[in-house]
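Chemist: next one to model:
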Amino acid sequence: MNPIKVFISALAMLLLVVVGVGFALPGTWQARQARELGASPEEVFRYVGTVDGWSEWTPMPFVGGARSGPDQGPGATLSWDDPQWGEGSWTLTALESPRNMQYEVSVEGGALRTWGDVTLSPAEGGGTLIEWQERGDFGWNPLLSFMALGMSRMQGEEMSKSLDALAALLADRSDSAP
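Modeler: Got it, this is the predicted structure:
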């Protein structure tokens, strides 16, 4: 038997197994982060309840994009078309000031979707407890299903960095207040 044919056959079988397992894996994920911030829920909500505020402490400004819809509230949207991040949009879908906001991220025409929920409540020692949850769906892409296995950890780390940036932003604002 030809060793090259054996090698190619084994490689093809391995590829079929990997793709088959990918189809069997769920393409969904969830991540959650919480943090106490040294500002009132009303102060924090200024940064989580609008596209412009959100852009100050999350990675969205690195993508750039165009705003559409209302300035704030449901329907406020940031859309982008970036070689690294693809074509997508972030839309604020629900708002209950100063306690809760929800959003949806759609990438590549909805092939990849993320839904987020940010809840603010007074913290026991003063300030605000922010709880941020995201869930996503990579659809039936067998390769992205493998990525979904690590998304809870990876996205949780990114959310933690964003909450650190929000805490620093709020601290800078309070340091410069008269």
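Chemist: strands of this protein, residue ranges please.
Modeler: Under the criterion DSSP state E, the chain contains strands at 28-37, 66-68, 77-82, 86-96, 100-107, 112-122, 128-137.
Chemist: these two touch, right, Tyr103 and Gly116?
Modeler: Yes. In terms of C-beta atoms under 8 Å, Tyr103 counts as a neighbour of Gly116; the distance is 4.8 Å. C-beta: built from backbone N, CA, C; applies to glycine.
Chemist: for the protein, what helix or strand is lowest in average pLDDT?
Modeler: Ranking every helix and strand in the chain by mean pLDDT, DSSP states H and E puts helix 60-63 at the bottom, with a mean of 58.
Chemist: same for the longest helix along the chain, what does it pack against?
Modeler: As assigned by DSSP state H, the longest helix anywhere in the chain is helix 142-176. With contacts defined as 3 or more C-beta pairs under 8 Å, 6 or more residues apart in numbering; DSSP states H and E, the packing partners of helix 142-176 are helix 3-24, strand 28-37, helix 41-48, strand 128-137.
Chemist: how about the strands of the chain in TSV, adding mean neighbour count, distance to Asn2 and mean pLDDT?
Modeler: TSV is the format used below for the strands of the chain (neighbours: other C-beta atoms under 10 Å; distance: least, C-beta to C-beta, whole Å; pLDDT from 0 to 100):
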stretch	mean neighbour count	distance to Asn2	mean pLDDT
strand 28-37	17	43	92
strand 66-68	12	57	87
strand 77-82	17	47	87
strand 86-96	17	42	92
strand 100-107	19	44	94
strand 112-122	18	42	94
strand 128-137	19	44	94
